[in-house]
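Colleague: Got a sequence here, can you model it:
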Amino acid sequence: GLAVIQGAKTAGASRIIAIDVNPSKFDAAKSLGATDCVNPKDLPEGKSVQSHIVSMTQWGCDYTFDCTGNTEVMRAALECAHRGWGTSCVIGVAASGHEISTRPFQLVTGRVWKGTAFGGFKSRRDVPKLVERSLNGDIPVKHFITHRFDGVEKTNDAIDALHSGNCLRAVVKY
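Modeller: Next up is the predicted model:
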């Protein structure tokens, strides 16, 4: 999610709404360009995140992204997209066998639902450019590494940290 915020800011988005059930990520989101942060758990009972986002924006967002792999969040992201031209992009990978669904009305009204792997980048052509931009300081990435571990025996600790919800990326140094 934070990389999407960073990319949206780089692309010139004027309003970036970060949505997460873990409010400890909101400071990082704001530092990367989020203008608003929403925790769905803080919404009034019975109010969906979709209706909240649509009310914040009048008609929905031009672009929405799911980075969770949760099929319910994928649908919610689509329903937050602007009627008529909104595009919702699925980035997160759902568990094997899970399916996404929506009412046909969501698409008939002009929304676009699509997915991406690696942000549409072609590894041979684009990854070297990304590495170069990162090494030049044009794309900061150090903030993504929140945990470091020394030794191969700490690999399981790194996996546990990733599953905790408080770790963005863990690096294990062998």
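Colleague: Bridged to Cys89, which residues?
Modeller: In this entry, Cys89 is beta-bridged to Phe65, Lys114, by DSSP bridges.
Colleague: mind checking how far it is from Ala77?
Modeller: Noted for Cys89: a distance of 8 Å to Ala77, by Cβ to Cβ, to the nearest Å. From N, CA and C alone the C-beta is placed, and that goes for glycine too.
Colleague: who has more neighbours, the two?
Modeller: Shown here are Cys89 and Ala77; by other Cβ atoms under 10 Å, Ala77 has more neighbours (28 against 21).
Colleague: gap between that one and Gly86?
Modeller: Using Cβ to Cβ, Ala77 is found at 10 Å from Gly86.
Colleague: what do Cys89 and Ala77 both touch?
Modeller: Counting by Cβ atoms under 8 Å, 6 or more residues apart in numbering, the shared contacts of Cys89 and Ala77 are Thr64, Phe65, Asp66.
Colleague: Nearest to Ala29, out of those residues: which one, please.
Modeller: Ala29 lies nearest to Phe65 out of the shared contacts of Cys89 and Ala77, by Cβ to Cβ, at 12.8 Å.
Colleague: burial of that closest one, as a residue count?
Modeller: When counting by other Cβ under 10 Å, one arrives at 23 neighbours for Phe65.
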